[in-house]
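Peer 1: quick one: sequence and predicted model below, then my questions.
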Amino acid sequence: MKILLVEDNVLNQKVVSFNLRKFNYEVVAVTNGVDALQILSKEKFQLILMDLMLPGMNGYEITREIRKREKLAAVEKEIPIIAITANTLDNDRQKCFDAGMNEYLSKPFTVEELIHKVHLFV
């Protein structure tokens, strides 16, 4: 499975990527929305892990743009998007779903929690 990790914190990128690779997942990491949208137009991914607080476009805006592009392209199956965020207010989870994300994982999370969420879409 090829996973796109959209995360601006390089240390978080390394930790998440390292743990996913232990389970033989291929991980491509980018730090912002422009790079995420650009790579999605060139490469196929089976899952996206999306931070919410990013420079430029936030994770909600990126997700809405991805869903818009999928709709315009009439894709049969949307790419699952899991929000990864330190935001844990009551309405944050619902805001993720409203933007088009499929699942939500709050930081800090364990490797087990991460893998469990990823396995929901394998």
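Peer 2: Done, it's in. Residues are numbered from 1 along each chain as shown.
Peer 1: and the residue nearest the centre of the protein?
Peer 2: Taking CA atoms, centre = their mean as the criterion, Leu49 is the residue nearest the geometric centre of the chain, at 2.0 Å.
Peer 1: which stretches of the chain form helices?
Peer 2: According to DSSP state H, the chain carries its helices in the segments 10-21, 33-40, 59-72, 92-99, 111-119.
Peer 1: before we move on, back to that, now do the contacts for the residue nearest to the centre of the chain.
Peer 2: Neighbour list for Leu49: Ile3, Leu4, Leu5, Val6, Glu7, Val16, Ile81, Ile82, Ile84 [criterion: CB atoms under 8 Å, 6 or more residues apart in numbering]. C-beta coordinates here come from the backbone N, C-alpha and C atoms, glycine included.
Peer 1: give the contact list for the closest residue to it other than its chain neighbours.
Peer 2: Nearest non-adjacent residue to Leu49, counting by CB to CB, 6 or more residues apart in numbering: Leu5, 4.8 Å away. Under the criterion of CB under 8 Å, 6+ apart, the neighbours of Leu5 are Gln13, Val16, Ser17, Leu20, Val27, Val28, Ala29, Val30, Ile48, Leu49.
Peer 1: list just the nearest of the residues you listed to Val75.
Peer 2: Proximity to Val75 was ranked across these by CB to CB; first place goes to Ile48, at 13.6 Å.
Peer 1: wait, doesn't the closest one sit right on Val6?
Peer 2: Yes: counting by CB atoms under 8 Å, Ile48 sits close enough to Val6 to count as a contact (6.6 Å).
Peer 1: of those two, which one has the most company?
Peer 2: Between Ile48 and Val6, counted using other CB atoms under 10 Å, the more crowded position is Val6 (29 against 23).
Peer 1: give me phi/psi at the closest residue in space to Ile115 that isn't next to it in sequence?
Peer 2: Using CB to CB, 6+ apart and skipping the chain neighbours, the partner closest in space to Ile115 is Phe23 (6.1 Å). Taking degrees, to the nearest 10, you get phi -100, psi 20 for the backbone angles of Phe23.
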